[in-house]
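> sharing a model that was predicted from the sequence below.
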Amino acid sequence: MVVSPEDAICRVTISRPRDRNSIHSELMIELHDFMDEVEKTSIRAVVFSGAGETHFIGGADGVEMMQLQPQEAFRFSRRIQALFNRMESSPLVLVAAIDGLCFGGGFEFAMACDLRVASLRSRIGLPEVKVGLIPGGGGTQRLSRLVGFGRALEMILSGRLYKGDEAAALGLVHLVVDHDELDEGVRILLEPVLRQPQFALSLAKRAVYAARTGSVEAGLGLESEQFSHCFEQDFFRNLMREQLKSGALTTSADISHLFPEEEE
């Protein structure tokens, strides 16, 4: 794993080219540790890519998995699910910059990111059934929440891989670009996001992801909780004061108490 922080963005390259950049147990630990450390810094977004030109992430490591007995496979599945849950719960904005093959655990990894940009030459999907497996890293759950139950079922049962433009049309990725414009695609996705205050991004992420678990009522409760945390900051209050003072925002309410210094 190659880590390259620069200002507010940290770029991470999954680098196991001889193993298709696949995810094995050692890499899972490395990614857990990385998330713990990067969240202590001033980094606001993490962009993941794969080394080389053929694979973003070529699934979970098939050679490691072929040696598993059923109980070991259960624990492997829970470990990789825990990694993707950890990524999804991060207060940082995670971006998957996909070029080449992105399948199985690789696409499950990408789905645990908040934003996805893919090159036109990418091929994306969950083909596990073709090798006698099913998705074990959360794919059966996240894909149906991403594209709907019926479409997810068809995608998983067929095991089909989708080209970059097809993936964008289906909502698997947010943006598709030429392979030599992947950095520009990341910039297009992140620029409007990183203009916003970090605390608001983190709280919004937590509230939106709550829509995918539990009841609507529970989600609404968590939304109110995150909304209230916004008022622990002065950002909104100061913004409103500036706009009222400049006249950009008008009101029929008596706001003289908000500007007591001007009455002295």
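Perfect, I can see it now.
> how far away is the residue lying closest to Ile43 once chain neighbours are set aside from Val93?
Computed as C-beta to C-beta, 6 or more residues apart in numbering, the closest residue to Ile43 that is not its neighbour in sequence is Cys10, at 4.6 Å. Heads up, the C-betas are built off the backbone N, CA and C, glycines and all. The spacing between Cys10 and Val93, counted by C-beta to C-beta, to the nearest Å, is 11 Å.
> list the residues that are in contact with both of the two.
Common neighbours of Cys10 and Val93, counting by C-beta atoms under 8 Å, 6 or more residues apart in numbering, are Ala45, Val46.
> out of those two, which sits in the more crowded spot?
Val93 (24 against 19; other C-beta atoms under 10 Å).
> what number of residues lie near the closest residue in space to the more buried one that isn't next to it in sequence?
If the residues on either side of it in the chain are set aside, Val93 comes closest to Ala45, at 4.3 Å by C-beta to C-beta, 6+ apart. Residues lying near Ala45 (other C-beta under 10 Å) number 22.
> pretty sure Ala45 contacts Glu191?
No. Because the distance of 10.6 Å does not satisfy C-beta atoms under 8 Å, Ala45 is recorded as not touching Glu191.
> report the buried residues of the helix or strand where Phe74 lies.
Assigning secondary structure by DSSP states H and E places Phe74 in helix 70-88. Of the residues in helix 70-88, Phe76, Ser77, Arg79, Ile80, Gln81, Leu83, Phe84, Met87, Glu88 count as buried by neighbour count, 16 or more other C-beta atoms under 10 Å.
> now do stretch 152-162
For stretch 152-162, the buried set under the neighbour-count rule, 16+ other C-beta under 10 Å, comprises Ala152, Met155, Ile156, Gly159, Leu161, Tyr162.
> hmm, back to that, partner residues bridging the residue nearest to Ile43?
In this entry, Cys10 is beta-bridged to Pro5, Val46, by DSSP bridges.
> surely it and Phe48 touch.
No. The criterion here is C-beta under 8 Å, and Cys10 misses it with Phe48 at 9.6 Å.
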